[in-house]
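A.B. asks: fold the following, please.
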Amino acid sequence: CPQLEWAVPEVVEMLGADALTVEAARRSAPPAWRVTLSDYVTLTKPRIMSLLVLTAVCAMIAADGGSPPTLGLAALVIGGALAFGGASALNHVLDRDIDQLMGPRTASRPVAAGRITPRRAVAFGFALAALSFAVLTAFDNVLAALLSLSGGAFYVVVYTLWLKRSTAQNIVIGGAAGAFPPLVGWAAATGQIGLPALALFALIFFWTPPHFWALSLYRAGDYAKAGVPMLPVVAGARETKKQMLLYTVALWPVALAPTFLGVASWFYGAPALALSVGFTVCALRVMRDPGTRAARQMFGFSLLYLFLLFALLVADRALGFTVGS
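C.D. replies: Numbers count the residues shown, from 1 in each chain. The predicted structure is shown next:
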């Protein structure tokens, strides 16, 4: 890192090392271009991006009966990743003051730490959004491009700018931003938004609060320091755990909706019900746990839960257990 390179000789000299050790330490530092590239990748929040792109891809495959066109699918992956990456870059800019207060994990983010200026991050974010719109319009359709752009705008304007700092229901309403990808995938395959697509939207919408509250339970202190009114900070752990349990129960019929609508068979439906019961069991364990271990476990299970549901939906369609949409 060029900002730290000047300090390497000084620090090593203080420790009594010789010139060879100083030179070795300097050479071991990664090149500046690699650090910069890593920072720009970080701006896109690649871990979250991968899950959202997965839900869009699975929705497209399900809508197309298991075998969408390769070019359209590739465009969805690239366009979806660009759209979320652009929105995430803008989120980094808007949340840089919060990130600086929430501990080392967020304070080290590129914009919060000052390694990338807000102006450059904004330009990067808008450039990715524009590229996403172009790719999805050219190789899928305008509706998919508009939905993708709308999801990013919802995340930046509604959640980040408005809800996150103003209400404990921030993640309940703002979580809708993460539910847009299945709509994008369905529209990319069919050119429209059908009832099954709305069911997949609802699945992520109801999944988001217990997923995110599990995280906020064991990071409540960080949110409190930054003044972010997450539910555990405002209402306390007990009320948060109660709400988590209620949402996991509400997920049972929502997770089964693709089967009820004829988009999936019980090849998907039976495991979906079992996974939903397991999610509720996790919530019950969180209620009984005075610490944070169960909340950490529930957070991990929530990621697996969503991944498996969408993977099962694709498998159901690809194996031909259901016909039609």
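A.B. asks: what is the helix or strand harbouring Leu313 packed up against?
C.D. replies: Taking DSSP states H and E as the criterion, Leu313 maps to helix 293-318. Using 3 or more CB pairs under 8 Å, 6 or more residues apart in numbering; DSSP states H and E, the elements in contact with helix 293-318 are helix 46-63, helix 195-218, helix 237-260, helix 266-288. Just so you know, the C-beta spots here come from the backbone N, C-alpha and C atoms, and that holds for glycine as well.
A.B. asks: am I right that Leu251 is in contact with Thr208?
C.D. replies: No - if you go by CB atoms under 8 Å, Leu251 and Thr208 don't touch, sitting 10.6 Å apart.
A.B. asks: center of this structure - which residue?
C.D. replies: Closest to where the C-alpha atoms of the chain average out (CA atoms, centre = their mean) is Ile48, at 3.2 Å.
A.B. asks: next one: that one from Ser265, what distance?
C.D. replies: Distance of Ile48 to Ser265, computed by CB to CB, to the nearest Å: 30 Å.
A.B. asks: and what of Leu275?
C.D. replies: To Ser265, Leu275 is 16 Å away according to CB to CB.
A.B. asks: Val158 now?
C.D. replies: 36 Å.
A.B. asks: do Ser132 as well
C.D. replies: 34 Å.
A.B. asks: and for Phe212?
C.D. replies: Phe212 sits 31 Å away from Ser265 when distances are taken as CB to CB.
A.B. asks: more neighbours, the two?
C.D. replies: Neighbour count, other CB atoms under 10 Å: between Phe212 and Ser265, Phe212 has more, with 21 against 17.
A.B. asks: now Leu319. Its backbone dihedrals?
C.D. replies: Main-chain torsions, Leu319, degrees, to the nearest 10: phi -80, psi 0.
A.B. asks: got a list of what it touches?
C.D. replies: Taking CB atoms under 8 Å, 6 or more residues apart in numbering as the contact definition, Leu319 lies against 66, 267.
A.B. asks: next one, pLDDT for it please.
C.D. replies: Leu319 is assigned 88 on the pLDDT scale.
A.B. asks: just use 4 as the starting number from now, easier for me
C.D. replies: All right, first residue 4 from here; so that's Leu322.
A.B. asks: got the contact list for Lys244?
C.D. replies: Contact analysis of Lys244 by CB under 8 Å, 6+ apart lists 220, 286, 289-290.
A.B. asks: return the members of those classed as buried.
C.D. replies: Neighbour-count burial (16 or more other CB atoms under 10 Å) is assigned, among the contacts of Lys244, to 220, 286, 289.
A.B. asks: how about low-confidence regions in this protein?
C.D. replies: Flagging of the chain using pLDDT under 70 yields the residue ranges 4-32, 325-328.
A.B. asks: go again using 50 as the cut-off
C.D. replies: Residue ranges of the chain with pLDDT under 50: 4-18, 20, 25, 327-328.
A.B. asks: the closest residue to Thr283 other than its chain neighbours and Pro199: what is the separation?
C.D. replies: Computed as CB to CB, 6 or more residues apart in numbering, the closest residue to Thr283 that is not its neighbour in sequence is Thr251, at 4.3 Å. Remark: distance between Thr251 and Pro199 (CB to CB) = 22 Å.
A.B. asks: quick one: which of these two has more around it?
C.D. replies: Thr251 (27 against 22).
A.B. asks: so who does that one touch?
C.D. replies: Thr251 sits in contact with 213, 279, 282-283, 285-286, where contact means CB under 8 Å, 6+ apart.
A.B. asks: can you rerun that using 10 Å?
C.D. replies: By CB atoms under 10 Å, 6 or more residues apart in numbering, the contact set of Thr251 is 209-210, 212-214, 279-287, 289, 301, 305, 308.
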